[in-house]
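Student: Sequence and predicted structure below; questions after.
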Amino acid sequence: LAASFVVVVEGVRYIDPVLTAAAVKGRGLGTAMVCRSLRSLAADDIAEVGAAITDGNEPSERLFTRLGFVRTGSW
């Protein structure tokens, strides 16, 4: 019902995309998937992780801000 992917671009890991089925949005599944991805990366000693968020995607912006990410530019 939900998933998050980690992609590697020029050696930097990015969480992109985060997907949640429409019928279960708002139940915390996207947050759970991102947290699982972050735990997996931490277990591999990956300290720097970015997130690719399309400008205007407010739900994703809220999710990543809540998890401590800081916006560094526009997509």
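Tutor: Cool, the structure landed. Just so it is clear, the model here is predicted, and its values are computed rather than measured.
Student: And the strands in the protein?
Tutor: 2-9, 12-20, 49-51 (DSSP state E).
Student: Any chance of these in CSV with distance to R27 as columns?
Tutor: Quick note: C-beta positions are derived from backbone N, CA and C, even for glycine. CSV is the format used below for the strands of the chain (distance: least, C-beta to C-beta, whole Å):
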stretch, distance to R27
strand 2-9, 9
strand 12-20, 8
strand 49-51, 20
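Student: nearest to L63, of those strands?
Tutor: Of all these, strand 12-20 sits nearest to L63, with 7.1 Å by C-beta to C-beta.
Student: mind listing what that closest one pairs with, with the direction of each?
Tutor: strand 2-9 (antiparallel), strand 49-51 (parallel) (DSSP bridges).
Student: Redo those as TSV? Include mean pLDDT, mean neighbour count and distance to R36.
Tutor: As requested, the strands paired with strand 12-20 are arranged in TSV below (pLDDT from 0 to 100; neighbours: other C-beta atoms under 10 Å; distance: least, C-beta to C-beta, whole Å):
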stretch	mean pLDDT	mean neighbour count	distance to R36
strand 2-9	95	14	7
strand 49-51	95	18	13
